[in-house]
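In: Here's my sequence, what's the structure:
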Amino acid sequence: MVNKITRRSVLLGGAAIALLAAVYSRTPFWGAVYKPAVLGRPVPGRSSFDEFSTAEQVTEGIDLSGKTALVTGCNSGLGFETMRVLAMRGAHVIGAARSKEKAETACGKIDGQTTPLVVELTDLPGIVIAANQVADLDVPLDMLILNAGIMALQEHRQANGIEMQLAVNHLGHFLLANRLRDQVIAAQQGRVVVLSSRAHVWGPKEGIQFNNLSGDMDYDPLVAYGQSKLANGLFSREFARRLAHTNVTCNSLHPGVIKTNLFRHVPGSDDPDDKPKRYRYKKTIAQGAATTCYVATSPDLADVTGYYFSDCNPSVPNKHMQDDELAAKLWEVSEELTADYLS
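Out: Reported below is the predicted structural model:
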């Protein structure tokens, strides 16, 4: 069954985001219940940055010369701003996009050292080729930023038998990160940064519908998106646990609600006269990329792993994102789904 997004559902979705933002902004991290993914590792403290900070501000004074970053979805929105700011701070940025043209165009607009890379997240053999190309550069990967994503597809679509949002947002990144694992471990202090979302609370009541990963049984655009964002957080948590014996950290984050191409599938999102929809966008792109750049570069987070951030500070996700058994099961299922391409 395909449930189309209606104007009412969009407005309710916007209202839900606003309500969540209010609740989360009033929840002090230290007073909330948070189960660390990796025991014995440092707990993140509060930073001096907030929801109004920009990517340039959170990286001010940080020299990334000699470091290499890979950013998926580099051709627009938060991915482009993240690539621009990291390159401005001296990093060599591998800009990944769905096509050669998009990657080359984006990299060509950047002042700094960039390398275009084709990563189509539904093309599992293509991800292997891309990862091999990165390995051939023979440099450690200091920052792996899994930024690309799609949201609220109105029609039920699949890739490799998996619901499209889950396939793109989670499974493609799962394969890419595992194929690049050695390059990240080779860095002096590698960081994996996964863009999740507060929309992870929109997912199914059981967390992940393992019996319906195809979406065939029932499909709701926002529930499917929420499930994919929960999967991002669970992947980050389990990856952090598996890499706890290394110098690699892995954290997830909510960037904020920003008007980017992510909303292109939401009906009416470009309507300038629809104030309720327009008001749901709370941040500029520069502000939206701040938490990503903070988690990827802040010296204060060198040993912090397995956490979830929002507004450049630690935040508390829902209970499902803190469920280690659920994270382990998702990892196992993801391995099975990508088994032919992991080795």
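In: Residue 114 touches residue 97, doesn't it?
Out: No: counting by CB atoms under 8 Å, residue 97 is not a contact partner of residue 114; they are 11.5 Å apart. (Glycine included, C-beta is placed from N, CA and C.)
In: Strands of the stretch 201-343 of the chain, residue ranges please.
Out: Counting by DSSP state E, counting those that start in this stretch, one finds strands in the stretch 201-343 of the chain at the ranges 249-254, 308-310, 313-314.
In: Nearest to residue 49 among those strands would be which one?
Out: Proximity to residue 49 (CB to CB) singles out strand 313-314 among those, at 7.2 Å.
In: Check what contacts the closest one and list those residues.
Out: 29, 34, 43, 44, 46, 47, 49, 50, 307, 308 (CB atoms under 8 Å, 6 or more residues apart in numbering).
In: Pull out the buried residues from the residues you listed.
Out: Buried members of these, scored by 16 or more other CB atoms under 10 Å, are 29, 34, 44, 47, 49, 307, 308.
In: which one is the fifth one nearest to, not counting chain neighbours?
Out: In space, residue 49 comes closest to residue 312 once its chain neighbours are excluded; the distance is 3.6 Å by CB to CB, 6 or more residues apart in numbering.
In: And for that neighbour, the neighbour number?
Out: Neighbours of residue 312 under the rule other CB atoms under 10 Å: 25.
In: surely it meets residue 292?
Out: No: with contact defined as CB under 8 Å, residue 312 does not reach residue 292; the gap is 9.6 Å.
In: could you show me where the strands are in the stretch 1-150 of the chain, in order?
Out: In the stretch 1-150 of the chain, the segments counted as strands under DSSP E, counting those that start in this stretch are 68-72, 92-97, 114-118, 143-146.
In: The first one: partners in the sheet, and parallel or antiparallel?
Out: Here strand 68-72 is paired, per DSSP bridges, with strand 92-97 (parallel), strand 143-146 (parallel).
In: re earlier: tell me the most buried of the strands of the stretch 201-343 of the chain?
Out: Highest mean neighbour count of these: strand 249-254, a mean of 28 (counted as mean count of other CB atoms under 10 Å).
In: what distance separates that one from the centre of its chain?
Out: Distance of strand 249-254 from the chain centroid (CA atoms, centre = their mean, to the nearest Å) equals 8 Å.
In: Which neighbouring elements make contact with it?
Out: If you count contacts as 3 or more CB pairs under 8 Å, 6 or more residues apart in numbering; DSSP states H and E, strand 249-254 packs onto strand 191-195, helix 221-242, helix 290-297, strand 308-310.
In: Fine, thanks again, bye for now.
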